[in-house]
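Student: What follows is a protein structure lacking sequence information:
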């Protein structure tokens, strides 16, 4: 099966390479946000001896390229909403502190999780764009990196796992989220944490994931973390993203192998199929997921009440998590405001958008100008401390661009936290950077992912 994954990766890379010579696929109709309000007015005070020269007005355009349609559209839409929420706060508090005559303009475009579409959007919007934000697609990132070099345009990544996108150490590409190496390390530490807390040892594991580039990151992130702790992979199955209607063959293999742990990554449709089939086949192995479709509201609706209780994931319930951040009141205020306006629960994906735009705007404000070289110079000297208002989630360990961290071999310090499903909501159970309150968010492990009893009963049974 590992050969199959390798062949899939080769095929995808080849398709992208040849796609560069072909005409890009026609993208969806772009959606552009209205121009930002005028920046805060300058002071009328004048120094003695005459007027000082004022900086000319400038519009700073940031173009977001993400999946606003298709199976991962919920991710892209939540990224967009998180970005918009932070931008609103940014503008209300005066905009660019060092450049009061600079105005921010956000543009949101749909790359459909398609590398050729993404490249086409990049080239068509490069003249008007100062910085690109790109979410989710490893292959789109790899494809656009040469364009970043060609046009000298920085690109900030959101929620991208694959370190393949960072291997060339391009000075134009910046990550503000955990990658494969981060997750492999923290996942191994998670398994040790679970063993220390409960005595449950993982000697064998099974992996099931979709054929898209997001799913294909599972073996080299979560799988690598389990292998690093000495566990053996006994089942590895790839299912076709968006085309799978029956996973009974996959679950049958898992039942026969009797693994201590199941690792999964897929969209909401496949996530529901996996959980339902695990229940039908009476497979009792606990499950850890890469978030993905397992964390969507539609998944909980599909699987039924308490159908996912016990699942552990790097996805977490944000209002529960903010209490451990540097400014809980600020975070709660904006979560509530966003939830009131959006009508949905504030999720990890909203926070990814919030965090990346926050870091990016800080960097732009440090720059002398908005040309690529000036921005690179600003990003290289930017040191983001954990007490920044956008920093109460992902960047808990601090972040410095332009330096390679020895543990992760990439240009940021970052990590992930883990939650467990309680009553159809992810609750924080482990944060590597902080000790959680002993009486808060009780861990129940191992628990099969389809428990039909309520969370309180499950916890009581586990404690007994």
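Tutor: Sure thing, it's come through. Just so we're clear, the structure is a prediction, and the values are computed from it rather than from any experiment. Residues are numbered from 1 along each chain as shown.

Student: going forward, measure contacts between C-alpha atoms and count neighbours the same way
Tutor: Will do.

Student: All the helices of the chain, residue numbers only.
Tutor: Listed in chain order, the helices of the chain (DSSP state H) span 2-19, 73-92, 115-125, 138-151, 180-198, 224-228, 248-257, 268-280, 297-303, 318-321, 328-342, 348-366, 372-381, 455-463.

Student: Out of those, which is the most enclosed?
Tutor: Neighbour counts (mean count of other C-alpha atoms under 10 Å) averaged over each of the helices of the chain peak at helix 348-366, with a mean of 23.

Student: circling back: any idea which of the helices of the chain scores lowest on pLDDT?
Tutor: If the helices of the chain are sorted by mean pLDDT, helix 2-19 sits at the bottom with a mean of 38.

Student: coming back round to it: same list, the helices of the chain, but as a markdown table with distance to residue 420 please.
Tutor: Shown next, in a markdown table, are those (distance: least, C-alpha to C-alpha, whole Å):
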| stretch | distance to residue 420 |
| --- | --- |
| helix 2-19 | 29 |
| helix 73-92 | 20 |
| helix 115-125 | 33 |
| helix 138-151 | 27 |
| helix 180-198 | 12 |
| helix 224-228 | 18 |
| helix 248-257 | 22 |
| helix 268-280 | 15 |
| helix 297-303 | 14 |
| helix 318-321 | 12 |
| helix 328-342 | 21 |
| helix 348-366 | 14 |
| helix 372-381 | 35 |
| helix 455-463 | 11 |
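
Student: Compare those and report which one is nearest to residue 434.
Tutor: Of all the helices of the chain, it is helix 318-321 that lies closest to residue 434, at 11.2 Å by C-alpha to C-alpha.

Student: Show me what the closest one is packed against.
Tutor: Other helices and strands packing on helix 318-321, by 3 or more C-alpha pairs under 8 Å, 6 or more residues apart in numbering; DSSP states H and E, are strand 425-430.

Student: got a list of what the residue nearest the centre of the chain touches?
Tutor: Against the mean C-alpha coordinate of the chain, by C-alpha atoms, centre = their mean, the closest residue is residue 159 at 2.5 Å. By C-alpha atoms under 8 Å, 6 or more residues apart in numbering, the contact set of residue 159 is 135, 136, 177, 178, 349, 352.

Student: hmm, back to that, mind checking which of the helices of the chain is nearest residue 173?
Tutor: helix 138-151 (7.1 Å).

Student: now the angle from the closest one to helix 372-381?
Tutor: When axes from the mean of the first three to the mean of the last three C-alpha atoms, to 10 degrees is applied, the directions of helix 138-151 and helix 372-381 differ by 120 degrees.

Student: Reformat the contacts of residue 159 as CSV; add distance to residue 329.
Tutor: Shown next, in CSV, are the contacts of residue 159 (distance: C-alpha to C-alpha, whole Å):
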residue, distance to residue 329
135, 28
136, 30
177, 23
178, 25
349, 20
352, 19
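
Student: of those residues, closest to residue 431?
Tutor: Set against residue 431, the nearest of these by C-alpha to C-alpha is residue 178 (13.7 Å).

Student: so that closest one makes contact with residue 416?
Tutor: Yes: assessed by C-alpha atoms under 8 Å, residue 178 is found in contact with residue 416 at 6.4 Å.

Student: Domains in this structure, by residue range?
Tutor: Domain assignment for the chain, taken from automatic domain parsing, gives 19-40+55-178+326-400, 181-313+434-463.

Student: Pipe the ones you listed into TSV and attach distance to residue 424 per row.
Tutor: Shown next, in TSV, are the domains of the chain (distance: least, C-alpha to C-alpha, whole Å):
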stretch	distance to residue 424
domain 19-40+55-178+326-400	12
domain 181-313+434-463	6
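
Student: Any idea which of those domains gets closest to residue 319?
Tutor: domain 19-40+55-178+326-400 (6.8 Å).

Student: From the chain's centroid, how far away is that closest one?
Tutor: How far domain 19-40+55-178+326-400 lies from its chain's middle: 12 Å, per C-alpha atoms, centre = their mean, to the nearest Å.

Student: and what of stretch 177-195?
Tutor: Distance, centroid of stretch 177-195 to centroid of chain: 15 Å (C-alpha atoms, centre = their mean).

Student: so how far does stretch 155-167 reach from one end to the other?
Tutor: Taking C-alpha to C-alpha, to the nearest Å, stretch 155-167 runs 15 Å from one end to the other.

Student: Could I get the buried residue list for it?
Tutor: Residues 155, 156, 157, 158, 159, 160, 161, 162, 163, 165, 166 are the ones in stretch 155-167 that count as buried (16 or more other C-alpha atoms under 10 Å).

Student: what bridges to the second one?
Tutor: For residue 156, the beta-bridge partners under DSSP bridges are residue 133, residue 174.

Student: Quick check: the gap between it and residue 262.
Tutor: Remark: distance between residue 156 and residue 262 (C-alpha to C-alpha) = 32 Å.

Student: Also the last one?
Tutor: Distance of residue 166 to residue 262, computed by C-alpha to C-alpha: 28 Å.

Student: partners of residue 232 in the sheet?
Tutor: Residues in beta-bridge contact with residue 232 (DSSP bridges): residue 204.

Student: err, residue 106, not the other one
Tutor: Going by DSSP bridges, residue 106 is paired in beta bridges with residue 62.

Student: Find me the pLDDT at it, would you?
Tutor: Listed pLDDT for residue 106 reads 98.

Student: Can you get me a residue count around it?
Tutor: By the measure other C-alpha atoms under 10 Å, the count of residues near residue 106 is 19.

Student: Which of the contacts of residue 159 sits closest to residue 206?
Tutor: residue 178 (22.9 Å).

Student: Tell me how many other residues crowd that closest one.
Tutor: Residues near residue 178, counting by other C-alpha under 10 Å, number 25.

Student: What does the pLDDT read for it?
Tutor: 72.

Student: How far does stretch 170-182 stretch from one end to the other?
Tutor: End-to-end for stretch 170-182, by C-alpha to C-alpha: 19 Å.

Student: right, I mislabeled it, should have said stretch 90-105
Tutor: Using C-alpha to C-alpha, the span of stretch 90-105 from its first residue to its last is 12 Å.
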